[in-house]
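Trainee: I would like the atomic coordinates for the input below:
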Amino acid sequence: MIASVGVVASLLVSAWQTRELTRQTVINNGVAGATAIYNGMERLHHIEGQIAARPELHAYFFEGGEPPAEEEVRTQVLVLARMLADTVNYGLMINTLNPELKGYNGWRGFALTLRDSCPALVATVNEHPTWWPALSGHWAAHRAAGG
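Mentor: Predicted coordinates for the structure are as follows:
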């Protein structure tokens, strides 16, 4: 009888520990998700800060402007396009990897908006789709209305 009470008590403690571990895992995943979102936004703000410092570049990223012919500005636009591709690819990856982010779809919509507003980014990603698999895959899964 005493052994049976010991087994039952042990099972109850084990069940309680499992429940607490599950609760802690959910909390940790939420914190990791929030940290990942913050990291992505920091990356994006860094790029936007560089564009803000050179307002003439804004048209190439958010207004549909084709990359310029002038070599120095073209290089700046293409480097920023690669940095932006890295950032958006990261944002899309964190959405996929962290189950606590299922309701946060900002990166998905932003990626589709950039496809329409940033020819330099589209050309960069299309040139090397395997460098940005989450971004190129997202674009492929959500074909543009015109093509």
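Trainee: only C-alpha atoms for contact and neighbour calcs from this point on.
Mentor: Fine.
Trainee: mind naming the longest helix for the protein?
Mentor: Ranked by residue count under DSSP state H, the longest helix found in the chain is helix 2-53.
Trainee: so how far is that helix from its chain's centroid?
Mentor: Distance of helix 2-53 from its chain centroid, counting by C-alpha atoms, centre = their mean, to the nearest Å, is 19 Å.
Trainee: rounded mean pLDDT for it, please.
Mentor: What helix 2-53 shows for mean pLDDT is 87.
Trainee: report how many residues lie close to residue 95.
Mentor: Residues lying near residue 95 (other C-alpha atoms under 10 Å) number 21.
Trainee: name the residues of the helix or strand harbouring it that are buried.
Mentor: Assigned by DSSP states H and E, residue 95 belongs to helix 71-97. Going by neighbour count (16 or more other C-alpha atoms under 10 Å), the buried part of helix 71-97 is 74, 77-78, 80-95.
Trainee: likewise stretch 38-52?
Mentor: Neighbour counts over stretch 38-52 (16+ other C-alpha under 10 Å) mark 40, 41, 43, 44, 47, 48, 51 as buried.
Trainee: and residue 122, what pLDDT?
Mentor: With respect to pLDDT, residue 122 scores 97.
Trainee: isn't it up against residue 113?
Mentor: No. Taking C-alpha atoms under 8 Å as the definition, residue 122 is not a contact partner of residue 113, at 11.1 Å.
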